[in-house]
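**Student:** Below is the sequence, then the predicted model.
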Amino acid sequence: MPRSFSASLLCYGLAAACFAVGVLRGTVLPYFPGFVAALLGALFALKVTCPVRRIATVVPLVLVCVWLPPDLSTDHHRYLWEGYVLRQGMSPYRHAPVELFDALEHPSEGLINHPEYTAIYPPLAQYVFLAASFLGNHVYAWKATLLLVLAFTFLRVFRRDVSWWWLSPPLLVEGLWNGHLDVLGLVPAAWFVWAVERRRPVHAGMSLACTTGLKIMPLLWAPVAFLHLRGRARLSFCLALGGLLCLLYAPFAGHLPDVFASFRAFAGDWYFNNPFFWMLNSVLAPEWVRPVMGGVMALGYGAVLLSGWDVRRRCLAVWCLLCACSPTVYPWYLLWLLPFTPADKRVWTLVAFTAACASYWVLPSYRADGVWVEAWWWMVPEWLVLAWCAFQLLRGPADEAPAVEAARAL
């Protein structure tokens, strides 16, 4: 075995051990060593080309992260609850959890964030929640669903050079450990960019519909695809996108306003971890802050669409711009960068996520006193690093994305 590989393997083993031990201690202090450990493991994985060795690095951390119960988020309780509500023949868009606590018994009662709000997640996400509910009412039923969907799509659709996702800190920490739904958007997003680059409009429309069926905001990538396609391909793309979205929303057609009620509340009331919003909120009237940021977003979005960049770079830019202008920015939002990141720039997504995890410093006071307090001393350095990473991701010509490399093996 080469000495360089042995040294890297030793570093990886120490990183994985520190990550597991830090998480198991269950306090806030081990969070950052855990993220750094996951970063070291991912950096090691980027240098491994042998498939057997890559699998040997993937399996330990995947198993550890799946086994550990979520500690940085309680979103999985809402996933389990909404799937259970659907299985009882009721709509989570019409009934907030607090309205059903007396009628239904579920282990997630009392653990759901903001139980006064109805479901915010789009229909495809609800169908995944429903599927998970048949496996049980525990977090491991949800994690098993994540693993099954990821494993099937990776094996069926992608056969080359996306295994690094399994050792990237965003997927490990936010997906497999804390169980965020966003991780399921990786494959349809990668499929989307591959289809646009290969001029396959129906595939592009269907994959973007699936992505939007999990989270609403990826719909911002639709104009990017429209600009890259030509002639009848544009019509085919729009028909595939609109047709599949209509099918996904059809079971809830009787109460569409309820489907978007919580999303409107989230967009209009929530704010967290955005220093631009934080600064504007201190100098402008509250009712002006969101319109100003929306205007900046619209100008930046137009500039991206008018640029001469390729589809991957435009999608990256749109998501970076969305994060910069969104009143709320959570670390798991960076998961959506993975499918569009060129091979030679993967390290910047890992560094960006490590910086974004500074926002978890709100947890000590929240868990101790129930107070959710932002602080400039972690937000400013976090966003300086995020800005630098975005600059590095978008500068210069991009090489082939993992999605394109994977598609060649089909």
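**Tutor:** Sure, I can see it.
**Student:** and Ala285, how many neighbours does it have?
**Tutor:** Using other Cβ atoms under 10 Å, Ala285 has 7 other residues around it. Placement of C-beta: from N, CA and C, glycine included.
**Student:** Ok, the one 5 residues further on next?
**Tutor:** Neighbouring residues of Arg290 were enumerated by other Cβ under 10 Å; the total is 19.
**Student:** these two touch, right, it and Gly268?
**Tutor:** Yes: in this structure, Arg290 is within contact of Gly268 by Cβ atoms under 8 Å, at 7.2 Å.
**Student:** And Pro381, how far from Arg78?
**Tutor:** 31 Å (Cβ to Cβ, to the nearest Å).
**Student:** One more: Thr211?
**Tutor:** For Thr211, the distance to Arg78 - Cβ to Cβ - is 20 Å.
**Student:** can you check Ala387 too?
**Tutor:** Ala387 is 32 Å from Arg78, where distance means Cβ to Cβ.
**Student:** Between those two, tell me which one has more neighbours.
**Tutor:** More crowded of Ala387 and Arg78, by other Cβ under 10 Å: Arg78, with 23 against 14.
**Student:** for whichever strand or helix holds the more buried one, packing partners?
**Tutor:** Using DSSP states H and E, Arg78 sits in helix 75-87. With contacts taken as 3 or more Cβ pairs under 8 Å, 6 or more residues apart in numbering; DSSP states H and E, helix 75-87 sits against helix 97-100, helix 123-133, helix 139-157.
**Student:** Adding mean neighbour count, mean pLDDT and distance to Leu305, write those helices out as CSV.
**Tutor:** Formatted as CSV, the helices and strands packed on helix 75-87 follow (neighbours: other Cβ atoms under 10 Å; pLDDT from 0 to 100; distance: least, Cβ to Cβ, whole Å):
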stretch, mean neighbour count, mean pLDDT, distance to Leu305
helix 97-100, 18, 96, 39
helix 123-133, 21, 97, 26
helix 139-157, 17, 84, 28
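**Student:** Distance to Arg230 for these - can I get that in CSV?
**Tutor:** Shown next, in CSV, are these (distance: least, Cβ to Cβ, whole Å):
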stretch, distance to Arg230
helix 97-100, 47
helix 123-133, 29
helix 139-157, 25
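**Student:** Helix or strand, whichever it is, which one in the protein has the lowest mean pLDDT?
**Tutor:** Lowest on mean pLDDT, DSSP states H and E among the helices and strands of the chain sits helix 402-407, with a mean of 42.
**Student:** Which pLDDT value belongs to Asp71?
**Tutor:** On pLDDT, Asp71 comes in at 82.
**Student:** Also the one 4 residues further on?
**Tutor:** In the prediction, the pLDDT value recorded for Asp75 is 96.
**Student:** quick one, what contacts the closest residue to it other than its chain neighbours?
**Tutor:** Distances taken as Cβ to Cβ, 6 or more residues apart in numbering place His180 nearest to Asp75, at 6.1 Å, with adjacent residues excluded. Listed by Cβ atoms under 8 Å, 6 or more residues apart in numbering, the contact set of His180 reads 73, 75, 174, 332, 335.
**Student:** and His203, how many residues sit next to it?
**Tutor:** That count, for His203 with other Cβ under 10 Å as the rule, works out to 18.
**Student:** and the helix or strand containing it, what does it pack onto?
**Tutor:** Taking DSSP H and E as the criterion, His203 maps to helix 201-214. Judged by 3+ Cβ pairs under 8 Å, 6+ apart, the packing partners of helix 201-214 are helix 123-133, helix 186-197, helix 222-228, helix 232-249.
**Student:** the inter-axis angle of it versus helix 139-157?
**Tutor:** Orientation check (axes from the mean of the first three to the mean of the last three Cα atoms, to 10 degrees): helix 201-214 against helix 139-157 gives 170 degrees.
**Student:** Kindly calculate the angle that helix 201-214 makes with helix 232-249.
**Tutor:** 30 degrees.
**Student:** Send over helix 201-214 as CSV, restricted to the C-alpha atoms.
**Tutor:** C-alpha atoms of helix 201-214 as CSV (Å, rounded to 0.1, in the frame of the first residue of the first chain):
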residue,chain,number,x,y,z
PRO,A,201,-36.0,18.5,-22.6
VAL,A,202,-38.5,15.9,-21.4
HIS,A,203,-35.9,14.5,-18.9
ALA,A,204,-35.0,18.0,-17.8
GLY,A,205,-38.7,19.0,-17.2
MET,A,206,-39.5,15.8,-15.3
SER,A,207,-36.4,16.0,-13.1
LEU,A,208,-37.0,19.7,-12.3
ALA,A,209,-40.6,18.8,-11.4
CYS,A,210,-39.4,16.1,-9.0
THR,A,211,-36.9,18.6,-7.5
THR,A,212,-39.6,21.2,-7.1
GLY,A,213,-41.9,18.6,-5.7
LEU,A,214,-39.5,18.3,-2.8
